[in-house]
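Peer 1: quick one: sequence plus predicted model below, questions after.
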Amino acid sequence: MSNTSKSLLVHGYEVVIGFETHAQLATQSKIFSRAPTAFGAEPNTQACAVDLALPGTLPVMNRGAVEHAIRLGLALGSHIAEQSVFARKNYFYPDLPKGYQISQFEIPVVQGGEVSFFLGDEKKTVRLVRAHLEEDAGKSLHEEFHGMSGIDLNRAGTPLLEIVTEPDMRSSAEAVAYAKELHKIVTWIGICDGNMQEGSFRCDANVSVRKPGGELGTRREIKNLNSFKFMQHAIDYEIRWQIEQIEDGHAIQQATVLFDPDTGETRAMRTKEDAADYRYFPDPDLPPLVIARDWVEQVKASMPELPRQMAERLVRDYGLPEYDATTVTQSPAMAKYFETAAKASGQAKMASNWIMGEVSRRLNNEEKDIAQVPVDADTLAALLKRIADGTVSNNAAKQVMDALWAGEGQDVDAVIEAKGLKQMNDSGALEKIIDEVMAANAPMVEQFRAGKDKAFNALVGLVMKASKGKANPQQANDLLKQKLQ
């Protein structure tokens, strides 16, 4: 395992987590047919003869899906196989028209690689086993029907990349951080829209527990986790459940489970299959997938600056700490917002602090993302300049941001003037206030001179109050110290 930290123990047990993530590829048509992939159409209106598995139909590979797989491999530092093979994964389910799924088994298109991310201020790395191309199944509809189920085959044949990790994660928090980083990467490089509510990015967590240093425990797979919040809740519940079962003397049985967000519990759906149960064999209708090296080089030339590359550049060019650089590259929109604000203000570190702090806090409270921010990057830069030149204090700047956020204008200087938030930098006026405070609080002055340091903070507070918060705090500190000597 390439993680650098020691494993956290839960009631004396080590948690072991691996992930399988299905990323729906952003192609216009399906992986083996020309049927469209748009979400939300009427049931069974986007399934052609190939998707319905009508006799005599043959699959034809979608070049765009392969190119998306190449892009992911390049982004994750993986080996891209020059030749890979499609296989039939056999199982029976009503929404699988052929009775098998076309997937990859022994020779996947993307092999190895890794995903690095921060958990707090600690850098973590999760190794990848593979990412393979496959088709999605259809969808069974149970709620709309009484005593029966409906089948919608619109999703059948939609192209997927299944991204499989080593069991490198040791907590639900680490698992969620990994999933968020992978989500960032696939959306950043444009191969997946990342819409979890629509099923474009679905995660399965393989969870087991063991005593430290022991053999891997029996895993249970939590299927189709489609929100980061539910992902953490589901894994935490599963960990507690497995430990309780073991402590009560029960053996864990390998199984596929679902998370019920209403009860906050996982429940077994079926006994987990192994590879042998699927009877994989090469699909006779599809030749081996051959990827020429010059094609890989063409795709590499079209790749955007990757998040980790941009983060390294921000550290190098702007002097940002690595944590800040990684955080502000959560999305292309946030990265652009940061760079615009940093360049326009000349205050890179202050820009990252505000974006990670005030801006992100407000967006989170309103359940919005950076693309919906009501204060543009140039306006933020103007505010940062006024903090840097001492026009406003940091606290006053937050009041300015309140007004800007609420749409009370986009001119920073006008808002500062209208609200009377300009910081007092006139040392003569400030000295007068300090003299008045000291004269009105002589006992407190004597307490400080007698060695009670807390009295100093109290005096500073009185000075700030007397100035109605407009005094420059550092200047007030310095002048007060001089006068108390």
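Peer 2: It's in. Numbering: from 1, shown residues only.
Peer 1: near E238, how many other residues are there?
Peer 2: Other residues within reach of E238 by the criterion other C-beta atoms under 10 Å amount to 25. Just so you know, the C-beta spots here come from the backbone N, C-alpha and C atoms, and that holds for glycine as well.
Peer 1: ditto for the one 5 residues further on
Peer 2: A total of 17 residues lie near I243 under the criterion other C-beta under 10 Å.
Peer 1: same check, this time on the one 4 residues further on
Peer 2: Applying other C-beta under 10 Å, we find 11 residues neighbouring E247.
Peer 1: please tell me how far it sits from E431.
Peer 2: The spacing between E247 and E431, counted by C-beta to C-beta, to the nearest Å, is 69 Å.
Peer 1: ok, D369 next?
Peer 2: If you measure D369 against E431 using C-beta to C-beta, the figure is 48 Å.
Peer 1: cool, T256 as well?
Peer 2: With distances taken as C-beta to C-beta, T256 is found 74 Å from E431.
Peer 1: which ones are touching the spatially most central residue of the chain?
Peer 2: When C-alpha atoms, centre = their mean is applied to the chain, the residue found nearest the centroid is K180 (2.5 Å). With contacts defined as C-beta atoms under 8 Å, 6 or more residues apart in numbering, K180 is in contact with 117, 228.
Peer 1: so it sits in a strand?
Peer 2: No. Secondary structure of K180, determined by DSSP: H, G, I helix; E, B strand; the rest coil: helix, with no strand assignment.
Peer 1: quick check, pLDDT for it.
Peer 2: K180 is assigned a pLDDT of 95 by the prediction.
Peer 1: got any ranges where the stretch 301-450 of the chain has weak pLDDT?
Peer 2: In the prediction, the stretch 301-450 of the chain carries residues with pLDDT under 70 at positions 425-427.
Peer 1: do a quick rundown of the strands in it.
Peer 2: In order along the chain, the stretch 301-450 of the chain carries no strands (DSSP state E, counting those that start in this stretch).
Peer 1: and the helices in it, which stretches?
Peer 2: 307-318, 322-327, 332-345, 348-354, 360-365, 377-388, 394-405, 412-418, 427-440, 442-449 (DSSP state H, counting those that start in this stretch).
Peer 1: closest one to N154 among those?
Peer 2: helix 332-345 (29.6 Å; C-beta to C-beta).
Peer 1: how close does the residue nearest to the centre of the chain sit to V186?
Peer 2: Between K180 and V186 the distance is 11 Å, computed by C-beta to C-beta.
Peer 1: A38 too?
Peer 2: A38 sits 19 Å away from V186, taking C-beta to C-beta as the criterion.
Peer 1: who has more neighbours, the two?
Peer 2: For A38 against V186, the residue with the higher neighbour count under other C-beta under 10 Å is V186, and the figures read 26 against 8.
Peer 1: in which helix or strand does the more buried one reside?
Peer 2: Using DSSP states H and E, the element containing V186 is helix 172-188.
Peer 1: next, the angle from that helix to helix 332-345.
Peer 2: Orientation of helix 172-188 against helix 332-345 (axes from the mean of the first three to the mean of the last three C-alpha atoms, to 10 degrees) gives an angle of 80 degrees.
Peer 1: run a quick neighbour tally on L320.
Peer 2: By other C-beta under 10 Å, the residues close to L320 number 22.
Peer 1: find the nearest non-adjacent residue to it, please.
Peer 2: Using C-beta to C-beta, 6 or more residues apart in numbering and skipping residues adjacent in sequence, the residue nearest L320 is L314, 4.9 Å away.
Peer 1: just checking, what packs against the longest helix seen in the chain?
Peer 2: With DSSP state H applied, the helix covering the greatest number of residues in the chain is identified as helix 228-247. For helix 228-247, the elements it packs on are strand 9-10, strand 13-24, helix 172-188, strand 201-210, strand 220-225, strand 255-260, strand 265-271, judged by 3 or more C-beta pairs under 8 Å, 6 or more residues apart in numbering; DSSP states H and E.
Peer 1: hang on, V164 packs against L76?
Peer 2: No. Taking contact to mean C-beta atoms under 8 Å, the distance of 11.9 Å between V164 and L76 leaves them out of contact.
Peer 1: what do these two both touch?
Peer 2: 128, 131.
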